[in-house]
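**Student:** Just need the structure, nothing else, for what follows:
(one chain, ligands or ions: 1)
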Amino acid sequence: MEKMLQGKVCIITGSGRGIGRSAALMFAAEGARLVITDIDNAPAEEVVGEIRKMGGEAIAVVGDVTAADYPGRLISETVEAFGPDIDIIVNNAGYTWDATAHKMTDKQWQAMLDVHVTAPFRIIREASPYMRDNAVKEKEQNGRAKCRKIINISSIAGLDGNFGQANYSSAKAAVVGLTKTMSREWGPFNICVNCVAFGFIDTRLTQSKEKGEVIEKDGEKVAIGVPDKIRMMVNLLCPLGRAADPDEAAAGILMMASPMADYITGQVIRVTGGM
Ligand SMILES: NC(=O)c1ccc[n+]([C@@H]2O[C@H](COP(=O)([O-])OP(=O)(O)OC[C@H]3O[C@@H](n4cnc5c(N)ncnc54)[C@H](O)[C@@H]3O)[C@@H](O)[C@H]2O)c1
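**Tutor:** Residues are numbered from 1 along each chain as shown. Got it, this is the predicted structure:
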């Protein structure tokens, strides 16, 4: 039986770790050719190595998705490696930079919009010649283009709001608007555009804040993680009674990328354990 994503060219941003990494490995197991992207070189190269060990095809395009020149480089290196046709983009790269609104700086606010909605928009725009334009030609020639997909990653914070995340929740809400608009603009060319919104997934992003993990962004240290008190509440608030592991979360992305979802567009799929 043919694998679900056999030969498809797929870009997954932020796929060096966490949910993106799990999705990349699952996509590769289903026959996809992967573009692994991350701001950090070592984890991205590790994932490429894992995929090649499985007998799959992958390249890394390392860089910051918020850099103005990154989307252009990402798409041109993808096309150089795999040819001028892109099947699936998963806009997943992201992080949190929390503060209550009255203490939040402009820099904190803007950083979240940059990574969670501006970068996905620019990547989609840059990919247009290799997705939309190809699909327009296919439609002219065959009456219908093959199914291509964009999957943007949102969060329950974007759908319901979250204390201390005015910036993150606004950006994750904005990416829902981008998704719904792109589903209308590109739907006539058989490009499905959906959001997968996560609840609480056990990754570096949600590890105990008390561990003191920081990431560096433009020379500034950004504390990530969730306070233990809140982490414990997840078990009570989530109907399934637990956080998900990254593979369970990535399965929601794979489901939307699969042919099973070829007639689903403009939707927000909540992968939250019911939370
Ligand atoms: N973990 C959760 O509970 C949860 C919940 C809702 C939504 N999300 C979303 O899921 C996505 C993946 O998060 P995760 O939990 O796997 O986190 P993670 O930290 O494990 O992985 C995210 C990856 O994105 C990369 N990244 C961050 N900023 C980047 C940038 N500017 N350019 C390129 N790469 C960058 C990181 O280096 C990291 O490898 C994010 O968009 C996040 O907001 C996660």
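**Student:** backbone phi and psi for the residue of the stretch 1-150 of the chain at minimum distance from the ligand, please?
**Tutor:** Proximity of the stretch 1-150 of the chain to the ligand (Cβ to the nearest ligand atom) peaks at Gly18, 2.3 Å away. Where you see a C-beta, it was placed from the backbone N, CA and C, and this is true even at glycine. Main-chain dihedrals, Gly18, degrees, to the nearest 10: phi 60, psi -140.
**Student:** residues in contact with it?
**Tutor:** With contact set as Cβ atoms under 8 Å, 6 or more residues apart in numbering, Gly18 has these partners: 201, 203-205, 246.
**Student:** Skip the chain neighbours and tell me the closest residue to it.
**Tutor:** Computed as Cβ to Cβ, 6 or more residues apart in numbering, the closest residue to Gly18 that is not its neighbour in sequence is Thr203, at 3.6 Å.
**Student:** number of nearby residues for the one you found?
**Tutor:** Using other Cβ atoms under 10 Å, Thr203 has 20 neighbouring residues.
**Student:** Do you know the pLDDT at it?
**Tutor:** Turning to Thr203, the model gives it a pLDDT of 97.
**Student:** do you know how far it is from the ligand?
**Tutor:** Noted for Thr203: a distance of 3 Å to the ligand, by Cβ to the nearest ligand atom, to the nearest Å.
**Student:** Not counting sequence-adjacent ones, nearest residue to Asn91?
**Tutor:** Nearest to Asn91 is Pro120, by Cβ to Cβ, 6+ apart, at 3.7 Å.
**Student:** In stretch 45-64, which residues are buried?
**Tutor:** 45-48, 50-51, 56-64 (16 or more other Cβ atoms under 10 Å).
**Student:** Likewise for stretch 242-251?
**Tutor:** Buried-residue list, stretch 242-251, by 16+ other Cβ under 10 Å: 243-244, 246, 248-251.
**Student:** Please apply the same query to stretch 104-113.
**Tutor:** Those would be 104, 108-109, 111-113, for stretch 104-113 by 16+ other Cβ under 10 Å.
**Student:** Stretch 207-221 now?
**Tutor:** Result for stretch 207-221 [16+ other Cβ under 10 Å]: buried residues 209, 215, 217.
**Student:** In strands, which of those residues fall?
**Tutor:** Using DSSP state E to define strands, the subset of those located there is 215, 217.
**Student:** would you list the buried residues of stretch 207-221 in TSV and tack on pLDDT and distance to the ligand?
**Tutor:** Formatted as TSV, these follow (pLDDT from 0 to 100; distance: Cβ to the nearest ligand atom, whole Å):
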residue	pLDDT	distance to the ligand
Lys209	91	13
Ile215	91	7
Lys217	83	7
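**Student:** For Ile12, state which of the buried residues of stretch 207-221 is nearest.
**Tutor:** The closest of the buried residues of stretch 207-221 to Ile12 turns out to be Ile215 (Cβ to Cβ; 19.0 Å).
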